[in-house]
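Participant: A structural model of the following input is requested.
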Amino acid sequence: MQDLSRLVRLCATLCVFVTLLLATSACRDVSAPPDAPASPNAHPGELAADITDPSPLDVWWDTLASLCGHAFAGELVSTDEADADLAAQPMVMHVRRCEGKRLEIPFHIGENRSRTWVLTRHEAGLHLQHDHRHEDGSEDEVTLYGGQSDGLGNETDGVYTQFFPVDDFSKQLFGTHGLGASTANVWSIEVVPGERFSYILRRPGRHFQADFDLRQQVEVPPTPWGHDES
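Facilitator: Model prediction:
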């Protein structure tokens with residue numbers, strides 16, 4: 001009888017053990033393994049991190065490229081005495097040509113059509129040049145000066161800015177023509193998409209700024225001096 005009692009208790013113990021083992025296995029089958037990838041819906045922030053936001057340079061460039069073929073009226077907003085004769089002159093910028101990585105933007109002041117800003121994009125950033133012509137189409141002796149952007153630019157409160165410190169070619173050009181003060185030039189172009197374009201020149205004791213309203217298009221101006229009609 002004792003042997004039978006021991007056998008009954010042993011069977012009962014085995015039954016309990018087997019029941020627990022089966023229950024544990026069942027739980028493991030329905031649970032995600034420890035190293036299973038998390039559900040995309042569980043951590044939306046992780047998905048957002050995989051989306052690369054456009055750089056300030058991308059936004060700046062794409063905004064200007066989107067204006068191709070259009071012209072906008074502007075005005076002088078700086079107050080240097082050197083520009084007093086320009087204060088009453090109508091100003092127009094025209095995004096005239098957009099060819100791949102190159103933009104040409106004539107800057108008309110009254111009837112003066114001598115100025116064109118040339119912007120070229122490359123791996124290191126942007127290059128700004130000022131193409132100056134005479135009314136007969138010939139090049140001014142001081143032309144194609146400008147600077148290389150100093151990085152990807154920046155964005156502050158929706159204002160996208162590219163800075164162009166004067167380059168070595170321009171310093172030499174200015175020095176040759178007795179324009180030593182201009183060797184400290186820093187140009188900048190600000191863009192507020194859909195609202196404003198600003199061209200700015202600064203150096204010690206000098207500030208020039210013209211703002212253009214991107215919300216109001218104007219009639220496309222005549223061809224700038226020295227450029228073809230197309």
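Participant: Could you count how many residues lie near residue 135?
Facilitator: 11 (other C-beta atoms under 10 Å). Glycine gets a C-beta too; all of them are placed from N, C-alpha and C.
Participant: show me the contacts for it.
Facilitator: Residue 135 makes contact with 113, 114, 225 under the criterion C-beta atoms under 8 Å, 6 or more residues apart in numbering.
Participant: strands paired with the host helix or strand of residue 117, and their directions?
Facilitator: Element membership for residue 117 (DSSP states H and E) is strand 112-122. Taking DSSP bridges as the criterion, strand 112-122 forms sheet pairs with strand 102-109 (antiparallel), strand 125-132 (antiparallel).
Participant: what does stretch 57-75 rub up against?
Facilitator: 54, 90-98, 103, 105, 119, 121, 125-126, 149, 152-153, 155, 160-162, 189, 191, 193, 197, 210-214, 216-221.
Participant: at 7 Å instead, please
Facilitator: Contacts with stretch 57-75, where a contact means C-beta atoms under 7 Å, 6 or more residues apart in numbering, come from 90-95, 98, 103, 121, 125, 152-153, 160, 162, 191, 193, 197, 210-214, 216-221.
Participant: And it, what's buried?
Facilitator: Within stretch 57-75, the residues scored as buried using 16 or more other C-beta atoms under 10 Å are 57, 59, 60, 61, 63, 64, 67, 71, 72, 74.
Participant: Wait, a strand at the fourth one?
Facilitator: To tie it back to what came earlier, the one meant is residue 61. No. Applying DSSP: H, G, I helix; E, B strand; the rest coil, one finds residue 61 to be helix, outside a strand.
Participant: Make sure residue 55 is actually in contact with residue 155.
Facilitator: No. Taking contacts as C-beta atoms under 7 Å, residue 55 lies outside contact range of residue 155: 8.9 Å.
Participant: Grab the longest strand from this protein for me.
Facilitator: Scanning the chain for the strand with the most residues, using DSSP state E, yields strand 206-218.
Participant: Given it, what are its sheet partners and their directions?
Facilitator: strand 71-76 (antiparallel), strand 196-203 (antiparallel).
Participant: Adding mean pLDDT and distance to residue 86, write those out as a markdown table.
Facilitator: A markdown table is the format used below for these (pLDDT from 0 to 100; distance: least, C-beta to C-beta, whole Å):
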| stretch | mean pLDDT | distance to residue 86 |
| --- | --- | --- |
| strand 71-76 | 98 | 5 |
| strand 196-203 | 98 | 12 |
